[in-house]
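Trainee: Output the structure for:
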Amino acid sequence: MAVIKLTKDNFDKEVMKSDMPVLIDFWASWCGPCRMVSPVVDEIAEEVQGKKVGKVNVDEEPELAQRYGVMSIPTLVVIKNGTVVKKAVGVQPKQTILDMFK
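Mentor: Have a look, this model is predicted:
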């Protein structure tokens, strides 16, 4: 499944009402570590079944970043049934990101 570009307009539908766990990458184009994590997140989106992967550009969607307490980027969040179940800040290895779904 391709990465979903999340905005305040589609967030409730794609994340809060999703019947699947959702991994969200909060990022910005000017952020070097974000550019390191982005291809890994893209790979995970293509590989995992029964899960969604989305990205939030914090410059375009500051309300979403604020809503989830994103102070540093990249921040990775997993939401299940509308609730944050895991959160990680900074560059993470692929296996660590995959383990966030557990």
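Trainee: give me every residue that touches N57.
Mentor: By C-beta atoms under 8 Å, 6 or more residues apart in numbering, the contact list for N57 reads K5, W27, A28, S29. Any C-beta I mention is one placed from the backbone N, CA and C, and that applies to glycine too.
Trainee: Was I right to think the last one contacts V58?
Mentor: This means S29. No: using C-beta atoms under 8 Å, S29 is not in contact with V58, being 9.9 Å away.
Trainee: Comparing the two, which shows the higher neighbour count?
Mentor: Counting neighbours by other C-beta atoms under 10 Å for S29 and for V58 shows that V58 has the greater number, 20 against 11.
Trainee: Would you map the strands across the protein?
Mentor: All strands of the chain, identified by DSSP state E, fall at 4-5, 22-27, 52-57, 75-80, 83-89.
Trainee: Let me have those strands in TSV, adding mean pLDDT as columns.
Mentor: Listed next are the strands of the chain as TSV, based on pLDDT from 0 to 100:
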stretch	mean pLDDT
strand 4-5	98
strand 22-27	98
strand 52-57	98
strand 75-80	98
strand 83-89	97
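Trainee: What's the mean pLDDT across the helix ranked longest in the chain?
Mentor: In the chain, with assignment by DSSP state H, the single longest helix is helix 32-47. Helix 32-47 comes out with an average pLDDT of 97.
Trainee: now stretch 7-16
Mentor: Rounded mean pLDDT across stretch 7-16 is 97.
Trainee: Pull out the buried positions in it.
Mentor: For stretch 7-16, the neighbour count (16 or more other C-beta atoms under 10 Å) marks F11, E14, V15 as buried.
Trainee: Next: stretch 83-91.
Mentor: Residues of stretch 83-91 classed as buried: K86, K87, A88, V91 (neighbour count, 16+ other C-beta under 10 Å).
Trainee: Setting aside sequence neighbours, what's the nearest residue to the third one?
Mentor: For A88, the nearest residue in space outside its immediate sequence neighbours is L76; the separation is 4.7 Å by C-beta to C-beta, 6 or more residues apart in numbering.
Trainee: who does the one you found bridge with?
Mentor: Taking DSSP bridges, one finds D25, A88 as the beta-bridge partners of L76.
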